[in-house]
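1. This is a predicted model, with the sequence first.
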Amino acid sequence: MGDTDAFAKLEMELRRGVVVLATLSQLRKPRYGYELRQALADRDMPIEEGTLYPLLRRLEGQGLLHSEWQTESGSPRRYYALTGDGRRLLKKLTESWQGMNAAMVRLLRED
Amino acid sequence: MDANDVIEGYVSEVALQLPRRQRNDVALELTALLREGLEDRAEAAGRDADATMAVEFLNSFGRPEDVAARYRQALTVIDPADGPRFVRLTWIGLVIIWGLGLLEVLGQPGVSGADTILLIGRFWFGTVLPSLWWPGLLVAYFATSAWVGRRWPPAADWKPRAKDRLDGGRAALLLGMAGVALGCVVLSNPTVVLDVVWQGRAAPAAYTALTYDPGFLQRQAPWLFALVLSNLPLMAFALVKGRRPAGLRRLETGLSLLTCAMMLWVVFDGPVLATPAGDETAKFLMLAIVVVVLLGLAVSRYREVRPAATRTAVAGPNASGHSASERPR
């Protein structure tokens, strides 16, 4: 029981660390919240809606995303996409992630 | 109530906790997203969405308070690093305040042990509720400290501090020596205070009040005077060295304990001053000094860090049954 709890907590910490990078990676083209969630889930990175939707607003507030309402497909939807700053940050975070990932692969290979 | 009503109610609860300028925009977006999510869930279940399904779906989404909190930037009132210190200081302060309050309540005249409800009422309204100023003050202090730390992060790096340093430097030590010397003068003749402050024009009753009892002068006064005076050479040694070596610190601790023991003897032996009122005040002050000194020593002892390497070595696989000091080198 204790092990399961510890695993769940630590796995959540790991997930939290990559949520922003995963989200930014899927906003190179405009997407609305539900579509983005589906795109992430289809790529084996499910993120709770209650976490994802507020995150989009916070990233927009930091100038990393811009958004606009579209009503062409019926119900109004707010589409988000990377700004210039968002693209630059995504590039830097990707490099950083790849470096960390390579290091972790090496570490985990060691006995 | 249908599924749409449930979603609208939920969204309203979230939106109400957001800044006004963001409220309507988030509400519109969240409503659309939740409806779409619920439609997908209903499709997967092969039936129409109803209120029950909507409630289940929204419960998995999170409580409105939690969701609203995620829309806002995290607000740190007390820095997480200060959390344990805040809790410790809060409890220490409350225990002291409640302890003093309890003593005061129990010491009130005309209250017997049978008046339990009355005692609890007095303690609750007279001590416990007013004591909340203390945690409030601490919150204000730590919140200000956290804000200052974020606004102006400390520029200087950590610097090592010697264990035997002089707190406050030589200037503070000199001031302390002057204080001890002054204390010795007052102790030798308390009426000197009246001469200095009122230039000898104080009422005769004041002189009487500050006159020592002959028994005290004969028994404890010389020893107490000698103990207080013996602080001066120790302080002078630290002043010359510019530090307080371990041996000196041990001597100071011993001297403090001895002085406390002497003061307790004085308090419980007999009168110190000739008049009852003066005597009571002098003994109260002495007891207060003893409590403060002993508490200070206890806190220093409690806060002392002794690395556990010795214990680990003894308990480790190479343990030979010797203590650290006995172990052969």
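-> Cool, the structure landed. Residues are numbered from 1 along each chain as shown, chains lettered A, B, ... in the order given.

2. residues from chain B in reach of chain A?
-> B:22, B:26, B:28-30, B:32-37, B:60-62, B:66-67, B:70-71, B:73 (C-beta under 8 Å from any C-beta of the partner chain). (C-beta placed from N, C-alpha, C; glycine too.)

3. Now the residue nearest to the spatial centre of chain A: which helix or strand?
-> Ranked by distance to the mean C-alpha position of chain A (C-alpha atoms, centre = their mean), the top residue is A:T23 at 2.4 Å. A:T23 belongs to helix A:2-25 when elements are defined using DSSP states H and E.

4. So is that helix next to chain B?
-> No. Legend: contact between helix A:2-25 and chain B by C-beta under 8 Å from any C-beta is lacking; minimum distance shown is 11.4 Å.

5. outside of that helix, which residues touch it?
-> A:36, A:40, A:45, A:47, A:51-52, A:55-56, A:59, A:64, A:82, A:86, A:89-90, A:93-94, A:97 (C-beta atoms under 8 Å, 6 or more residues apart in numbering or on different chains).

6. Which of those are buried? Put it as a PyMOL command.
-> In PyMOL, this line selects whichever of the contacts of helix A:2-25 come out buried by 16 or more other C-beta atoms under 10 Å in any protein chain shown:
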select buried, chain A and resi 36+40+45+47+51+52+55+56+59+64+82+86+89+90
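
7. filter the contacts of helix A:2-25 down to the ones near chain B?
-> Applying C-beta under 8 Å from any C-beta to the contacts of helix A:2-25, those adjacent to chain B are A:T51, A:L55.

8. quick one on the thing from earlier: how near is the residue nearest to the centre of chain A to B:S60?
-> Using C-beta to C-beta, to the nearest Å, A:T23 is found at 20 Å from B:S60.

9. Could you do B:L100 as well?
-> For B:L100, the distance to B:S60 - C-beta to C-beta - is 51 Å.

10. again, but for A:L82
-> For A:L82, the distance to B:S60 - C-beta to C-beta - is 29 Å.

11. contacting residues around the nearest residue to B:F225 once chain neighbours are set aside?
-> Leaving aside its sequence neighbours, B:F225 sits nearest to B:L187 (C-beta to C-beta, 6 or more residues apart in numbering or on different chains; 5.8 Å). By C-beta under 8 Å, 6+ apart, the residues touching B:L187 are B:A221, B:L224, B:F225, B:V228.

12. mind running it again at 10 Å?
-> The contact partners of B:L187, by C-beta atoms under 10 Å, 6 or more residues apart in numbering or on different chains, come to B:Y212, B:A221, B:L224, B:F225, B:V228, B:L229.

13. what's across from B:L273 in the sheet?
-> B:Y212 (DSSP bridges).

14. Is it in contact with B:K283, as I believe?
-> Yes. Between B:L273 and B:K283 there is a contact at 8.8 Å, judged by C-beta atoms under 10 Å.

15. Of the two, give the one with the bigger neighbour count.
-> Using other C-beta atoms under 10 Å in any protein chain shown, the more surrounded residue of B:L273 and B:K283 is B:L273, with 20 against 17.

16. what number of residues lie near residue 48?
-> You didn't pick a chain, so chain A it is. 14.

17. Wait, chain B was what I had in mind.
-> 11.

18. Skipping adjacent residues, who's closest to it in space?
-> Using C-beta to C-beta, 6+ apart, the nearest residue to B:D48 is B:A42, at 5.9 Å.

19. Now do the contacts for that neighbour.
-> Per C-beta under 10 Å, 6+ apart, neighbours of B:A42: B:A3, B:D48, B:A49, B:D50, B:M53, B:A54, B:F57.

20. redo that, cut-off 7 Å
-> With contact taken as C-beta atoms under 7 Å, 6 or more residues apart in numbering or on different chains, B:A42 is in contact with B:D48, B:A49, B:M53.

21. That one and B:R35, how far apart?
-> With C-beta to C-beta as the criterion, B:A42 and B:R35 are 10 Å apart.

22. Kindly reformat the contacts of B:L187 as JSON lines and extend each row with secondary structure, pLDDT and distance to B:G126.
-> Below are the contacts of B:L187 laid out as JSON lines (DSSP: H, G, I helix; E, B strand; the rest coil; pLDDT from 0 to 100; distance: C-beta to C-beta, whole Å):
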{"residue": "B:Y212", "secondary structure": "strand", "pLDDT": "88", "distance to B:G126": "38"}
{"residue": "B:A221", "secondary structure": "helix", "pLDDT": "89", "distance to B:G126": "40"}
{"residue": "B:L224", "secondary structure": "helix", "pLDDT": "90", "distance to B:G126": "37"}
{"residue": "B:F225", "secondary structure": "helix", "pLDDT": "90", "distance to B:G126": "41"}
{"residue": "B:V228", "secondary structure": "helix", "pLDDT": "90", "distance to B:G126": "38"}
{"residue": "B:L229", "secondary structure": "helix", "pLDDT": "91", "distance to B:G126": "43"}
